[in-house]
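Q: give me a 3D structure for the following:
(one chain, ligands or ions: 1)
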Amino acid sequence: MPSQTSSVEIHSNNYKFLQDHVYSHTGIVLEHDKHYLFESRLTPIVKQLGLDSINDLCALLLATSRPEISRKVVEAMTTNETYFFRDPAHYDAIRSVLLPQLRHDRGSTRKLRFWSAAASTGQEAYSLAMLLLEEGFGDWNVQILGTDFSSQVVERAKSGKYQQIEVNRGLPTTLLVKYFRRAGVDWQLTDSVRRMVNFETVDLRKSMGALGPFDLVFCRNVMIYFDAATKKGILKQLHGTLFKGGWLLLGGAETAFGVEEWFDKQNLGAAAVQVAR
Ligand SMILES: C[S@@+](CC[C@H](N)C(=O)[O-])C[C@H]1O[C@@H](n2cnc3c(N)ncnc32)[C@H](O)[C@@H]1O
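A: Numbers count the residues shown, from 1 in each chain. So this is what the prediction gives:
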């Protein structure tokens, strides 16, 4: 039988309140047909707080200043889908084009800096770290920054611990055996990989002035949730965090349309790369 919480419809004024709340805190645009998403993501919070419905949750948020509940609600509405070596063409391009170039250009300092913006639970940043170790950069000064709006996913990323179902997605068995240890029913990344990556919370809409400069920035599968103005502002700022000639990698469904003044698009095999001017 459906629980009472899931059977109570969200009032239209509360729906609008939730849309505005999520947008103002993250920039994420949730259209009018996302009732199921609000219900599936917010019902656990409603239950945790001992409330009866999402309408009650909205009433609570409207009546009192409860930043911790507000944050929980907003974080619950982020989509954190990710997996190891997602979009393999990107990693192929990094391996075959970017890394040989950096080996040559940075040979004197042997220092490399990368950023996984919107890193979710960390698979993107750790995939890059494993690739760098596999390509012989283990004795270089490599810093990989992983950031996300959501403090919950940042904490998980920091732990470097993954479930069986997560290591089954995209991670070659050779790398699982080489860079992970069993931790009960889970898998723990080894320190050789973890020490290359630092995670922190960053809202992409805020100033990125203190970050960078980077050789490569991943900003994948997050722009799809933003409106055109937010996207443009973020792309401009990302450009400012890259070295000239540094790479920006966007998700497959995303485009840097309208930002030709900052990036040159290059197709490398199946990968589209935005090269900073
Ligand atoms: C679908 S995941 C993408 C993960 C990874 N980049 C990938 O492609 O596999 C999108 C992530 O963007 C984060 N996000 C949403 N809005 C954000 C914002 N304003 N600033 C930073 N991160 C944000 C979410 O918390 C979520 O973890």
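Q: which stretches of the chain form strands?
A: Counting by DSSP state E, the chain has strands at residues 111-117, 141-148, 161-162, 180-183, 186-189, 197-201, 214-219, 242-250, 263-268, 271-276.
Q: and Ile69, which of those is closest to it?
A: strand 197-201 (17.7 Å; Cβ to Cβ). For the C-beta atoms, the positions are set from N, CA and C on the backbone; glycine is no exception.
Q: what mean pLDDT does that closest one have?
A: For strand 197-201, mean pLDDT is 98.
Q: list, one by one, the residues from the chain near the ligand.
A: With Cβ under 6 Å from any ligand atom as the criterion, the chain comes near the ligand at residues 26-28, 78-82, 86, 118, 120, 124, 148-150, 153, 203-205, 220-222, 251.
Q: how about a cut-off of 8 Å?
A: Residues of the chain lying near the ligand by Cβ under 8 Å from any ligand atom: 26-28, 75, 78-83, 86-87, 116-121, 123-124, 147-150, 153, 202-205, 218-222, 225-226, 251.
Q: any of these buried? List them.
A: Buried members of the residues of the chain next to the ligand, counted by 16 or more other Cβ atoms under 10 Å: 26-28, 75, 78, 82-83, 86-87, 116-121, 123-124, 147-150, 153, 202, 204, 218-222, 225-226, 251.
Q: just the ones in helices from these, please.
A: Secondary structure from DSSP state H places 26, 75, 123-124, 153 of those in helices.
Q: got JSON lines for those, with pLDDT too?
A: Below are these laid out as JSON lines (pLDDT from 0 to 100):
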{"residue": "Thr26", "pLDDT": "97"}
{"residue": "Glu75", "pLDDT": "97"}
{"residue": "Gln123", "pLDDT": "99"}
{"residue": "Glu124", "pLDDT": "98"}
{"residue": "Val153", "pLDDT": "98"}
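Q: in those residues, find the pair that's most separated.
A: Thr26 and Gln123, at 20.7 Å, using Cβ to Cβ across those.
Q: domain map for this protein?
A: The chain is divided into the following domains under automatic domain parsing: 4-76, 88-276.
Q: just say which of these is most tucked in.
A: domain 88-276 (a mean of 18; mean count of other Cβ atoms under 10 Å).
Q: now the end-to-end length of it.
A: End-to-end distance of domain 88-276 (Cα to Cα, to the nearest Å): 22 Å.
Q: before we move on, the earlier item: which of the strands of the chain sits closest to Ala63?
A: strand 197-201 (27.3 Å).
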